[in-house]
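S.K.: here are the coordinates; sequence isn't available:
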C-alpha cells in the first residue's frame with residue numbers, strides 16, 4: 001500500500017494526530033527492567049516487539065548474544081561475532097576496520113537497521129551502518145531480529161534489526177574493570193571502565209583503545225593499519241514514584257588505511273530520555289537522540305569530507321490491558337549532510353506514527369502492527385505486519401507471520417552530484433514466514449522458512465551519457481530456511497546455526513551478488529574449574545561477486561580457538577586464535593581477510 005501526501009499541511013496533520021498517542025519505553029530501559037527474568041536459553045528480548053518478551057513469546061526469529069558470549073569470545077571486531085549467526089552474512093574488504101556490510105536474510109547492508117540502546121546509527125549518504133568502527137568491548141549484549149520490522153522501525157528494516165546494548169550498571173556498588181592485551185600484526189588493546197548502582201542511580205563509564213599495523217588487504221600489498229578510540233558514558237536515575245530519566249553518549253573515533261588512501265572517522269550516538277508511569281498500567285517515555293557518521297577521506301583523487309547527522313524525537317506509550325498490551329507512538333527525525341561534495345539537497349525530515357497490539361489468548365497469540373511514514377524526499381509509505389502464534393504444548397510453539405517493509409533511497413541515490421535520481425521510489429518488500437520453536441529446560445531449537453519478494457530494487461547503471469545513475473529496475477525473490485539450537489549442560493555451552501538462502505534476481509534468473517547460499521556456525525565452550533576452553537567453526541558456501549554471476553568466490557571454513565584462566569579472584573588471562581588454520585578467503589573480489597592471528601589479554605573485574 002502506498003499513498004502520496006506531499007503537502008506540509010498533511011504532514012502537520014499527522015504530526016498533531018500523533019501527539020495524543022505519545023509513548024515510549026525505550027528499548028534499553030525495557031531490557032533493564034526485564035533482566036531479572038532473563039534465562040540463558042529463552043532470553044527476554046525487546047527489539048522484536050518494542051516490549052519485553054521471551055524469545056519464544058516474540059513470535060519472531062531472534063538470536064541473542066549475551067554478556068557471557070561477548071566475554072568468552074573476546075572478538076577484535078563485531079563482525080567476527082556476527083559472522084555465521086542464523087541468517088547473518090558478512091562481506092568485508094579486508095580485516096581490522098576495513099569497509100564491509102552485514103546482511104540479514106540476503107537483504108543488502110543498507111536494508112537492515114543497526115541500533116545502539118534504542119538509537120539508530122547509519123550513514124545517511126551511504127544508507128548503511130559502519131559496524132567495523134564499533135569496538136565490541138563497549139557492548140555486553142546483542143539482539144538479532146530477522147524478518148521485516150518496517151512497521152516498528154520505519155525505513156530499511158527489510159532484512160531485520162540488530163540492536164547493541166551497552167552495560168546497564170545494575171550491580172550494587174562500583175564495579176571496575178580493566179583489560180590490556182595484544183598480539184599479531186603488532187596489535188594492542190586497552191580498555192577500562194566502572195559501572196554500578198547507588199540507590200536509584202545506575203551508571204556506566206568506559207573507554208577503550210585499539211591499534212594495529214594490520215595486514216595487506218590485497219595480495220602483494222602493504223600492511224594497512226587501523227586505530228580506534230572509544231568512550232561511553234551512561235547514567236540513569238529512577239525516582240520513588242517510578243519515573244526515570246537517563247542520558248547516554250557513545251563515541252568512536254580513529255584512523256584507517258586502505259588501498260589508495262586513508263580516512264579519519266567518527267561514529268557517535270547520544271540521547272536523553274524521560275519516562276513517566278502515567279497510571280499503574282500506562283507508561284510513557286520521550287526520547288531525544290542524535291547519531292553521527294563522519295568520514296574525512298584522503299585519497300588519490302584529493303579526498304573528501306562527508307558528515308551525516310540524524311536527530312530524532314520519539315514518543316512511545318506502552319499500555320497494559322490485562323494479558324494484552326497496546327503500544328502506540330510517534331517519531332520525528334531529520335537527516336542532515338555536510339560534505340565537500342555538492343549535494344543538491346542537504347536535509348530531509350520524516351514524520352511517522354505507529355501502533356501495535358500484543359494480544360494473548362493463550363494458547364493463541366496475535367501481534368499486529370501498522371506504521372505510516374511521510375518523508376520529505378520520497379513521499380509516504382505504509383507498512384504493516386501480522387504474526388500468529390499457537391502453543392502446541394508446554395514445549396513447542398508454532399508461529400506464522402506476514403510483513404511489509406521498504407528501503408529508503410539514500411542521499412547518494414537521490415542527490416549524488418551529476419548522478420543522483422530524485423525521482424526514485426523506495427524499494428518495497430513483502431515477507432511470509434512460518435516457524436516452530438522447541439523450548440526445554442536445558443536446550444532449545446528453532447526452525448523457520450521464509451520468502452521475501454522485493455519490488456523496485458535500486459540499481460546503479462550507465463546512462464546514455466556515460467555517467468552511472470540509479471534507477472528502480474529489478475525485482476528479486478529470496479527464499480530461505482534457518483535452523484538454530486543451543487544447549488547448556490554439565491559446564492558445556494553449545495550453539496549451532498544453519499542458514500540456507502536462494503536469492504534470485506527475477507529479471508535474469510541469476511543469484512544476487514555476494515550472497516552465499518549456505519552457512520554453518522558451531523560454537524562450543526567448556527568450563528573446567530579455573531580454566532575455560534572453547535572454539536567456533538564458521539563455514540560458508542561459494543558466492544558470486546557480480547550480478548552476471550561470472551566472478552565466483554570460493555567457499556571457506558574458519559576455526560577460531562579460545563582459552564581462559566582465572567589465576568586469582570577477579571583476574572583472568574585469555575588467549576584467542578582467530579583463523580587457526582590460516583585460511584585465505586574472500587567475501588569481496590580481490591580483497592583478502594586476515595590469516596592466522598593470536599591475541600593474549602589480561603582482565604580484571606567481573
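M.R.: Noted; the coordinates are in hand. Keep in mind that this is a model prediction, so the values were computed, not measured.

S.K.: which residue is the nearest non-sequential neighbour of residue 155?
M.R.: Of all residues not flanking residue 155 in the chain, residue 408 sits nearest, at 3.8 Å (Cβ to Cβ, 6 or more residues apart in numbering). Where C-beta positions appear, they are placed from N, C-alpha and C, glycine not excepted.

S.K.: tell me who's in contact with residue 73.
M.R.: Shown in contact with residue 73 (Cβ atoms under 8 Å, 6 or more residues apart in numbering): 80, 81, 523, 534, 536, 560, 562, 576.

S.K.: between those, which is nearest residue 425?
M.R.: Checking those against residue 425 by Cβ to Cβ gives residue 81 as the nearest, at 35.2 Å.

S.K.: skipping its backbone neighbours, what lies nearest the closest one in space?
M.R.: Residue nearest to residue 81 in three dimensions, not counting chain neighbours: residue 75, with 4.7 Å by Cβ to Cβ, 6+ apart.

S.K.: do I have it right that that neighbour meets residue 90?
M.R.: No. Using Cβ atoms under 8 Å, residue 75 makes no contact with residue 90, being 11.9 Å away.

S.K.: look up how far residue 195 lies from the residue nearest to residue 81.
M.R.: As judged by Cβ to Cβ, to the nearest Å, residue 75 and residue 195 stand 21 Å apart.

S.K.: picking that back up, can you check the pLDDT for the residue nearest to residue 155?
M.R.: Looking at residue 408, its pLDDT is 94.

S.K.: isn't it up against residue 380?
M.R.: No. When contacts are counted by Cβ under 8 Å, residue 408 is not listed as touching residue 380 (11.7 Å).

S.K.: what's the nearest residue to residue 123 once chain neighbours are set aside in contact with, if anything?
M.R.: Spatial nearest neighbour of residue 123, chain neighbours left out: residue 293 (4.2 Å); criterion: Cβ to Cβ, 6+ apart. Under the criterion of Cβ under 8 Å, 6+ apart, the neighbours of residue 293 are 121, 122, 123, 124, 130, 266, 267, 307, 308.

S.K.: centroid residue for this structure?
M.R.: residue 162 (2.5 Å; Cα atoms, centre = their mean).

S.K.: does that residue touch residue 113 like I think?
M.R.: Yes. Counting by Cβ under 8 Å, a contact exists between residue 162 and residue 113, whose distance comes to 7.3 Å.

S.K.: which of the contacts of residue 73 fall within strands?
M.R.: Filtering the contacts of residue 73 for membership in strands, criterion DSSP state E, returns 523, 534, 536, 560, 562, 576.

S.K.: just the buried residues from the residues you listed, in PyMOL please.
M.R.: To isolate the buried members of these in PyMOL, using 16 or more other Cβ atoms under 10 Å:
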select buried, resi 523+534+536+560+562+576
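
S.K.: next, format the ones in strands among the contacts of residue 73 as CSV and append pLDDT.
M.R.: Formatted as CSV, these follow (pLDDT from 0 to 100):
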residue, pLDDT
523, 97
534, 97
536, 97
560, 97
562, 98
576, 97
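
S.K.: dump the ones in strands among the contacts of residue 73 to JSON lines, plus distance to residue 330.
M.R.: Formatted as JSON lines, these follow (distance: Cβ to Cβ, whole Å):
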{"residue": "523", "distance to residue 330": "41"}
{"residue": "534", "distance to residue 330": "45"}
{"residue": "536", "distance to residue 330": "42"}
{"residue": "560", "distance to residue 330": "44"}
{"residue": "562", "distance to residue 330": "45"}
{"residue": "576", "distance to residue 330": "45"}
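
S.K.: rewinding a little: of the contacts of residue 293, closest to residue 580?
M.R.: Out of those, the member with the shortest distance to residue 580 (by Cβ to Cβ) is residue 130, at 27.8 Å.

S.K.: skipping adjacent residues, who's closest to residue 508 in space?
M.R.: Excluding the flanking residues, the one nearest residue 508 by Cβ to Cβ, 6+ apart is residue 547, at 7.3 Å.

S.K.: quick one, helices of the stretch 51-200 of the chain?
M.R.: Remark: helices assigned in the stretch 51-200 of the chain by DSSP state H, counting those that start in this stretch are 67-73, 78-82, 150-153.

S.K.: now the longest one, how far from the centre of its chain.
M.R.: The gap between where helix 67-73 is centred and where its chain is centred comes out at 17 Å by Cα atoms, centre = their mean, to the nearest Å.
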